[in-house]
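Q: Using only what follows, build the 3D model:
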Amino acid sequence: MASPAKKVTYSTTKNGQGNFGGGGGAMNSRSGDTFATQAQAVSAGVVASYFDFPAGIIRRIPDSLADQALRMDDSVVVDIDLARRQHEKLIMTLRKLNVGMSEMEPDEELPDCCFVEDPAVVLDGIAIIANMSQPGRANEVIGIRRILKDDLRQRVVEMKEDQKATLDGGDVLFTGREFFVGISRRTNQAGASFLAKIFSDYNVSSINVYGALHLKSMMSMAGPDIIAVGSSDYAQRALKQIIEKANHDYKTVTLPDDDAANCLFVKKTLIHCTQEEYPDSYKIFTERFRNVSRVALPNSELKKVDGGLTCRALLVLKTPKILK
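A: Next comes the predicted model:
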C-alpha cells in the first residue's frame, strides 16, 4: 500500500448551509501546512478534468437479472421492463453529454452483467481487470477487457496475477486526487494493495465498510472535491475513516438516504436520485447544487439487486493524466 496519509483538518458542510457552483472545488488549505502532498498540489482545474469522461462502457440488461442477479434481499421482485426503461434513461443521458458509449449486448448466463463498474478500475490509460469475489461474475470481464484494450486503447493489467486479491469497482472511490478503497464483503486488503501498486502515483487508503455491499453504496463524488454521503451510522463511520486518512480537505453533502448518495458527476453535470424515490435527498440536491446542471434519474428496479447509478456505467478517460 502507499504510505499512510498525514492527517489534515477535514472541512464539511452541513445540511441547509451554502450551495455549490459549477465546479465545486476544494476547501481552502491551511497556509501553514508543510506536508503538502502531490495530491494537494493538483489544481482544481486538473481535478475537474478527471470527470470529463469522453468514453464509457454500458451493457444491456438480461432477462436473467430478474430472478438470478445477486441481491442482499431475496424477497424483492424486479420489474424487468421497468428496469430496462430506467437503464435506457441513463444511457441516453450519457450520450446527450457526449460520452462515447460502447454498448454491449446482454448475456443471459451473466445475470449481473449490466453492472459494468465492478469488473474494472480505469485511470491514466491503465485498466485493472478485477478478481471479483463472486465466481458467477468472473466471465463478465471478458467483453469489458476486449473493449478497454482494443477499442479504448487502455493498458490492461490482470489482477488474477494475485489469486488472493478480490476487488469490485463499486468499492473504489477516486476523488481526482486519491483513492479510497472499501474493504467489504466483495473487496479485500490484498485487492486494495494490488490497486495501490498499480496506481502508485496516488495515495490509496483502505476504508472498512459495514452495513453496505460497497463503499459507493453510501457515498460517491458529487463534483470535484465534493463527496455525497449517507447519514446512516455505517456511512458516517466510513466518512470518519476518510477524514482521518485523506490527503485533501473535501466538501461533503450529507443526505438522509444512503442509496441517494450514489450519484454520478460527468462533464459538469450531476446525475442523481429522483424526487419520487428519495424526496428528502432530492430536495438537498436541488438546494445545494442550484447552480449546477443536474439530471434526476430513477433507479428503483436495479436498486432491488443492489445496483446504483455508478454501477451501471464504466466511465473512461482515454488520455492519461498521470500526475507528475
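
Q: going forward, measure contacts between C-alpha atoms and count neighbours the same way
A: OK.

Q: how far does stretch 214-223 sit from the chain's center?
A: Stretch 214-223 sits 6 Å away from the centroid of its parent chain (C-alpha atoms, centre = their mean, to the nearest Å).

Q: can I assume residue 315 is in contact with residue 57?
A: Yes: counting by C-alpha atoms under 8 Å, residue 57 is a contact partner of residue 315 at 6.5 Å.

Q: and the nearest residue to residue 304 once chain neighbours are set aside, how many residues sit next to it?
A: Leaving aside its sequence neighbours, residue 304 sits nearest to residue 76 (C-alpha to C-alpha, 6 or more residues apart in numbering; 6.3 Å). Counted with other C-alpha atoms under 10 Å, the neighbours of residue 76 add up to 14.

Q: One more: residue 77?
A: Neighbourhood size, residue 77 [other C-alpha under 10 Å]: 12.

Q: Likewise for residue 146?
A: 14.

Q: wait, is it part of a strand?
A: No: read with DSSP: H, G, I helix; E, B strand; the rest coil, residue 146 is helix and lies in no strand.

Q: pretty sure the residue nearest to residue 304 belongs to a strand, no?
A: No: read with three-state DSSP, residue 76 is coil and lies in no strand.

Q: Please tell me how far it sits from residue 69.
A: 11 Å (C-alpha to C-alpha, to the nearest Å).

Q: ditto for residue 309
A: Between residue 309 and residue 69 the computed distance is 17 Å (C-alpha to C-alpha).

Q: gap between stretch 211-229 and the chain center?
A: On C-alpha atoms, centre = their mean, the centre of stretch 211-229 falls 7 Å from that of its chain.

Q: again, but for stretch 88-97
A: 17 Å.

Q: tell me which residues in it are buried?
A: 90, 91, 93, 94 (16 or more other C-alpha atoms under 10 Å).

Q: so where's the chain uncertain?
A: Regions of the chain meeting the criterion pLDDT under 70 cover residues 1-42, 73, 318-324.

Q: which helices and strands does the longest helix anywhere in it pack with?
A: In the chain, with assignment by DSSP state H, the single longest helix is helix 80-96. Applying 3 or more C-alpha pairs under 8 Å, 6 or more residues apart in numbering; DSSP states H and E, one finds that helix 80-96 contacts strand 100-104, helix 300-303.
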